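**Q** Kindly return the folded structure for what I paste below:
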Amino acid sequence: MTSQRADGDPGSVRPGVALALATVSFVALLIFGLGMLSLGLDEDVIATRGLGPAPGVAATTLATLAFAAGLWSGVRMTRPSYGAAGWCAVASFLGYLAGVWFGALLGGAGLATAVGAAGGVATSWFGVVVAVVGLVCGWGGIALVRTRARRPRWPWEDDADE
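**A** Coordinates of the predicted model:
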């Protein structure tokens, strides 16, 4: 039994499946990367005091949605380009900053505090982590769709002997 997509392209992963796998990987790596960097630097991801959890939740949510939208626009093309991974990085970075800003406003902070919190993330290593995770996961999602490889098979699985 061979894997063959409905459009006749053997071996590659469907765009929807690649989007789901890459998005789950994005969330996992984002949480891991920000957590490990926070632990290593002994700093909070959002250094502004008194904001509560709303900016972090909103930032992760908007970054994930922006990443998924950027990746979907890349993987649904006939022959996806790895350049779309760069757009995934930019979209996730901007989505994270917008989420920090919006979450700070929802949490009751003033406009200047919200801008300061978003600016603090944008000019720190935490912003770099968000962009790198977007780039890596975007590249992985595109690679899943572009690959023409087949699943690994043991020699005794070949139909040639039958």
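**Q** May I have the predicted confidence score for Gly40?
**A** pLDDT, Gly40: 96.
**Q** mind checking which helix or strand it is in?
**A** Taking DSSP states H and E as the criterion, Gly40 maps to helix 15-41.
**Q** tell me which residues in that helix are buried?
**A** By 16 or more other Cβ atoms under 10 Å, the buried positions in helix 15-41 come out as 15, 18-19, 22-23, 26-27, 29-30, 33-34, 37-38. All C-beta atoms are positioned from the backbone trio N, CA, C, and that covers glycine.
**Q** ok, those residues vs Trp156, which is closest?
**A** Nearest to Trp156 among these is Ala18, at 30.1 Å by Cβ to Cβ.
**Q** State the pLDDT value of the residue most central in space within the chain.
**A** Centroid-nearest residue in the chain, with Cα atoms, centre = their mean: Phe26, separated by 3.5 Å. Turning to Phe26, the model gives it a pLDDT of 98.
**Q** pretty sure it is touching Cys137, no?
**A** Yes. Counting by Cβ atoms under 8 Å, Cys137 is a contact partner of Phe26 at 4.1 Å.
**Q** can you pull out the helices in the chain?
**A** 15-41, 54-75, 84-106, 111-122, 125-146 (DSSP state H).
**Q** Good, we can wrap up now.
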